[in-house]
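Undergrad: model this:
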Amino acid sequence: MPMNANEIETLIKTALPDAQVEIRDLAGDGDHYAANVVSEAFRGKSRVQQHQLVYEALQGNMGGALHALALQTKAPD
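TA: The predicted structure follows:
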């Protein structure tokens, strides 16, 4: 069963409480999303490490209930 945008946002904000999260459904099918995530937790980390933090926040749903997630991550300005 696909995830909805609110579920994705909740999981990310639970793991990264300071995160500013913007989720877009790319195909209207509940399977393909884009996410912009800004969090202080990303400061000093590589892009790969930042994405790993988000994937960990999704608690194993990536590749299952969540088929595709295009990520943009950064630390606050």
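Undergrad: shaky segments in this structure?
TA: Scanning the chain for pLDDT under 70 picks out 1.
Undergrad: Just the helices from it, written as ranges.
TA: 5-15, 47-57 (DSSP state H).
Undergrad: Tabulate those (JSON lines), appending mean neighbour count.
TA: To be clear about C-beta, it is placed using only N, CA and C from the backbone, and glycine gets the same treatment. Below are those laid out as JSON lines (neighbours: other C-beta atoms under 10 Å):
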{"stretch": "helix 5-15", "mean neighbour count": "16"}
{"stretch": "helix 47-57", "mean neighbour count": "16"}
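Undergrad: Could you dump these into JSON lines and include distance to L71?
TA: Shown next, in JSON lines, are these (distance: least, C-beta to C-beta, whole Å):
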{"stretch": "helix 5-15", "distance to L71": "10"}
{"stretch": "helix 47-57", "distance to L71": "5"}
